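Asker: got a predicted model here, sequence first, then my questions.
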Amino acid sequence: MPTLNLAGAGRLLVLVAVFLAGIWSQSSGVIDDFIFYLPDVHYLVVQHLWLTVMSGCLAIVVAIPLGILLSRPSMARVAESMMQVLNVGTTIPTLAVLALSMSFLGIGTVPAVFGLFVATLLPITRNTYTGLKGVNPALMEAAAGIGMSPTQRLLRVELPNALYVIFAGIRTALAINIGTVPLAFLIGAGGLGELIFTGIDLYDPVMMLSGAIPTALLAVVVDMLIAITAFLLVPRGVNPSRA
Amino acid sequence: MIRLDNLTKVFDTPKGAVTAADHISMEVPSGEICILLGPSGCGKTTTLKMINRIVRPTSGKVFINGEDTSSLDTQDLRRNIGYVIQQIGLFPNMTIEENITVVPKLLGWDKAKYRERAREMMRMIAMEPDAFLKRYPSELSGGQQQRIGVARALAADPPVMLMDEPFGAIDPINRAVIQDEFLKMQQELNKTIMFVSHDIDEAIKMGDRIAIFREGKLVQYSEPDDLLAAPKNDFVESFLGEDRALKRLNLVKVRDLASEEIGLVRPDDTLDAALERIEAYGYVNSIVMVNDKRQPVGIINAAVARTTQGHCRDHYQSVPVVVTLDDDLRKVASLMFANDMTWVPCVDDDGRIIGQITQRAITHHLGSRYRAHSKGEGGAKAAEASPSPAIKE
């Protein structure tokens, strides 16, 4: 079959290209350069992840209750304006947020975590809010009509049905978070940004790439982890990926 | 028993106060289905939802089995009232079993008991427990989903049920099937049911009583036959439709109007005797011939009897139609028109002739009830049933 042959030829080409790239990198000493940075990469990845985990967990812990609170009927009047405030918050570039938090909190991990937390907060709050607001009103009427208390309605009907949307928000937020952590280097919090920015300043592409490639890989891995968590946690009846 | 006492709801809207339900007073006896019927915006749904406080009454009281519900906790009240809504409202995140057992769990039943109850409910609604209990609502058809909706409402065996256009979103063929199944279940369960509908035919089929609403007021509250025979005013009359006499045919069984007198011939009778009997009984076209067990075997045509000599056994044609005592008059009338007959023989379960039903008897029944009510008896009776200011329009 011609298509199969084409695919086979493509695969062969890729193999050849990888082989040639291998020969080139070995002969030019790039691999040795990368290996030189390996201890740095190891140390900085841990620091990078630590910043993400702290700011991400903090954001989830604050954003989900905030989203739930805003979606309550008693909050209906202020909810939309609160969401507008948060929306304006996101339009401020992350670098500016980091600079602002540095001017209040000084240099180091604390202002970096705070800046990242602010940048991560909004997508989760917004998705929690819209996810809960988007639950079919008929379900809410049925839940009330058969005698569930407001808390039971939230835990047994609203949250399970909004969970997929909430997880989508967490995914977006953490992708932004991991991509923003390199900027934290600029206010003295470390992370893989140390290799990236120093590499740029020294015109050292190998140094820069040994920061950039792990950052990209981290983003992909974290995204996959959250996707797997969502797949397992969202009830089968309302999980589009398990339908 | 459900009793509403001057139940009123006033909504505050930007355009001013709107009275959605105006001093509604009525009583549904235990074990009966009461249909709240009316055009949209008439207050029937508001009235229904005030019973389980989905809508909070502005004033007035609701009594269930004699107990004033205003002293009860809202959640407790609702857990003891079955609730079925038009949009079905099954929880998509739960399996069918979890959906059915929601209320028993809220009431704190133990696991073995509510799991057995789920299987029992599935058998009651004629769905295979093993095939469906572990599935999710999205995997079921609309008709199946609403059957589960009814099962969920009945799972904790509440004495009272509220149904808000429960079969409104189901296609007509399935709707008729579910209505029949539900009526059959109700014969055993004897729940007291309030049922909102906007479909007059559904109301006549399902209701023991019908309450007609208009602009927040209860206009007429009577049994279906009385309602159709004696609409209280022009609004009710136009709402019921000009064919309301025909709708009454649904409500009357052959049993009520059948007469035992019927002219028959036997195979050994002569055609002359048959002709004589046709004239004696006033049959225009034909007479039924029966065998020794009084089972109809054929009919003797008057034209044949007039022009031929001989015995009936040699000159009969097949029997066109018979009806049973449990058939309704709508079927009888339809058969009469389709076969150009003015009477139809009635048979019992063994197929033996036990009488006849005539077109005269049907028209007389519809006509006499209607005339009697037009003179005012029915109107007075209907007003007695619900002594509310709303009635006095």
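Answerer: Sure, I can see it. Residues are numbered from 1 along each chain as shown, chains lettered A, B, ... in the order given.

Asker: ok and the residue in the stretch 51-200 of chain B nearest chain A?
Answerer: B:Gly89 (3.0 Å; Cβ to the nearest Cβ). Where C-beta positions appear, they are placed from N, C-alpha and C, glycine not excepted.

Asker: so what's the residue count around that residue?
Answerer: Residues near B:Gly89, counting by other Cβ atoms under 10 Å in any protein chain shown, number 26.

Asker: quick one: contacts of stretch B:62-73?
Answerer: B:1-5, B:7, B:30, B:50-51, B:61, B:77, B:80-81, B:159-160 (Cβ atoms under 8 Å, 6 or more residues apart in numbering or on different chains).

Asker: if we use 10 Å, what do you get?
Answerer: Contact partners of stretch B:62-73, identified using Cβ atoms under 10 Å, 6 or more residues apart in numbering or on different chains, comprise A:147, A:149, B:1-5, B:7, B:27-28, B:30, B:47, B:50-53, B:57, B:60-61, B:76-81, B:158-160, B:192.

Asker: in chain A, which residue sits nearest chain B?
Answerer: For chain A, Cβ to the nearest Cβ, closest residue to chain B: A:Ala142, 3.0 Å.

Asker: kindly provide the distance from that residue to A:Ser103.
Answerer: Per Cβ to Cβ, to the nearest Å, A:Ala142 is found 52 Å from A:Ser103.

Asker: between these two, who's got more neighbours?
Answerer: Neighbours per residue, other Cβ under 10 Å: of A:Ala142 and A:Ser103, the larger number sits with A:Ala142, 26 against 10.

Asker: check contacts around the more buried one.
Answerer: With Cβ under 10 Å, 6+ apart, A:Ala142 has these contacts: A:136, A:148, A:153, A:157, B:83-85, B:87-91, B:99, B:102, B:149, B:152-153.

Asker: how long is stretch B:303-322 from one end to the other?
Answerer: For stretch B:303-322, the first and last residues are 21 Å from each other (Cα to Cα, to the nearest Å).

Asker: chain B contacts on chain A?
Answerer: Within chain A, the positions near chain B by Cβ under 10 Å from any Cβ of the partner chain are A:135-150, A:152, A:156-164, A:234-239, A:242-243.

Asker: tell me where the model's unsure across chain B.
Answerer: B:368-393 (pLDDT under 70).

Asker: again but with chain A, I slipped
Answerer: A:1-4, A:243.

Asker: returning to that earlier point: for the residue of the stretch 51-200 of chain B closest to chain A, grab phi and psi.
Answerer: Main-chain torsions, B:Gly89, degrees, to the nearest 10: phi 70, psi 30.

Asker: if you count contacts, what does the helix or strand encompassing A:Val220 end up packed against?
Answerer: Remark: A:Val220 resides in helix A:205-233, with elements defined by DSSP states H and E. Counting contacts by 3 or more Cβ pairs under 10 Å, 6 or more residues apart in numbering or on different chains; DSSP states H and E, helix A:205-233 is packed against helix A:30-71, helix A:159-184, helix A:193-201.

Asker: quick one, the first one and helix A:205-233 angle?
Answerer: With axes from the mean of the first three to the mean of the last three Cα atoms, to 10 degrees applied, the angle from helix A:30-71 to helix A:205-233 works out at 40 degrees.

Asker: any idea how far the residue most central in space within chain A is from B:Val150?
Answerer: Centroid-nearest residue in chain A: A:Leu174, 1.3 Å away (criterion: Cα atoms, centre = their mean). Plainly put, A:Leu174 is 44 Å away from B:Val150 if you go by Cβ to Cβ.
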